[in-house]
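Asks: A predicted structure for the sequence below; I have some questions about it.
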Amino acid sequence: MTTTPSPDRKQAGAKLTALGAMWPRMMALRSRIDHEVEQALQRQLHLGFSEFVALMSLADHPDGELRMQELADATSLNQSSATRLVGRLERTGLTERRLCEYDRRGVYTGITDAGRVMLRNAVPVYEAALASAFDRVAADPGYRDLIAAVDPR
């Protein structure tokens, strides 16, 4: 026996608040912008967006190093994906593993001099791609209000 939802339940399930309706649009906006920035970084420097964010996070830390979980949090990756990311960065010489001098079980990932050079080269590419992506998406009437709300320019 199948039951049909009452009209009240149908309406409650289909009607979103302004916040509920806005969030999928924000996620789509982020996806479009991330994709354009990723393409520019890959095309010009053979660097992924997550790799760029990892290098930025490491460089922003006073010692230039973070524990794996801290880096996972900074890059919005899970532990396994962050470990693979660090492996790629290490193979290219952009980061290195460092042991904690106080606790030998603690392993850090630190940015290298080559990583800092890559980051200096990547920042202008990132900034230009980000500005271009924002300008392109702002021309889309479906995103104009969101861009106006988040674009500080």
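Replies: Cool, the structure landed.

Asks: okay, CA-based contacts and neighbour counts for the rest of this
Replies: OK.

Asks: can you pull out the strands in the protein?
Replies: Along the chain, the segments classed as strands by DSSP state E run 65-67, 95-99, 107-111.

Asks: let's have those in CSV, adding distance to residue 41.
Replies: CSV is the format used below for the strands of the chain (distance: least, Cα to Cα, whole Å):
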stretch, distance to residue 41
strand 65-67, 23
strand 95-99, 18
strand 107-111, 18
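
Asks: closest to residue 87 out of those?
Replies: Distances from residue 87 to each of the strands of the chain were compared by Cα to Cα, and the smallest falls on strand 95-99, at 8.8 Å.

Asks: report the buried residues of that closest one.
Replies: For strand 95-99, a neighbour-count test (16 or more other Cα atoms under 10 Å) marks 95, 96, 97, 98 as buried.

Asks: got a list of what the first one touches?
Replies: Looking back up the chat, that one is residue 95. Taking Cα atoms under 8 Å, 6 or more residues apart in numbering as the criterion, residue 95 is in contact with 86, 89, 109, 110, 111, 112, 115.

Asks: point out where this structure drops to low pLDDT.
Replies: Residue ranges of the chain with pLDDT under 70: 1-13, 102-105.

Asks: max-length helix in it?
Replies: In terms of residue count, the longest helix belonging to the chain (DSSP state H) is helix 18-45.

Asks: now stretch 141-153 - C-alpha only, CSV.
Replies: Coordinates of each C-alpha in stretch 141-153 appear next as CSV, following Å, rounded to 0.1, in the frame of the first residue of the first chain:
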residue,chain,number,x,y,z
PRO,A,141,22.3,37.4,-14.1
GLY,A,142,21.8,34.2,-11.9
TYR,A,143,24.9,35.1,-9.9
ARG,A,144,25.1,38.9,-10.1
ASP,A,145,23.7,39.3,-6.6
LEU,A,146,26.0,36.8,-5.0
ILE,A,147,29.1,38.3,-6.7
ALA,A,148,28.0,41.8,-5.5
ALA,A,149,27.8,40.4,-2.0
VAL,A,150,31.2,38.8,-1.9
ASP,A,151,33.4,40.8,-4.3
PRO,A,152,35.5,43.4,-2.3
ARG,A,153,36.7,45.3,-5.4
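
Asks: just how off-centre is it within its chain?
Replies: Taking Cα atoms, centre = their mean, to the nearest Å, one finds stretch 141-153 lying 19 Å from the centre of the chain it belongs to.

Asks: tell me the buried residues in that stretch?
Replies: 143, 146, 147.
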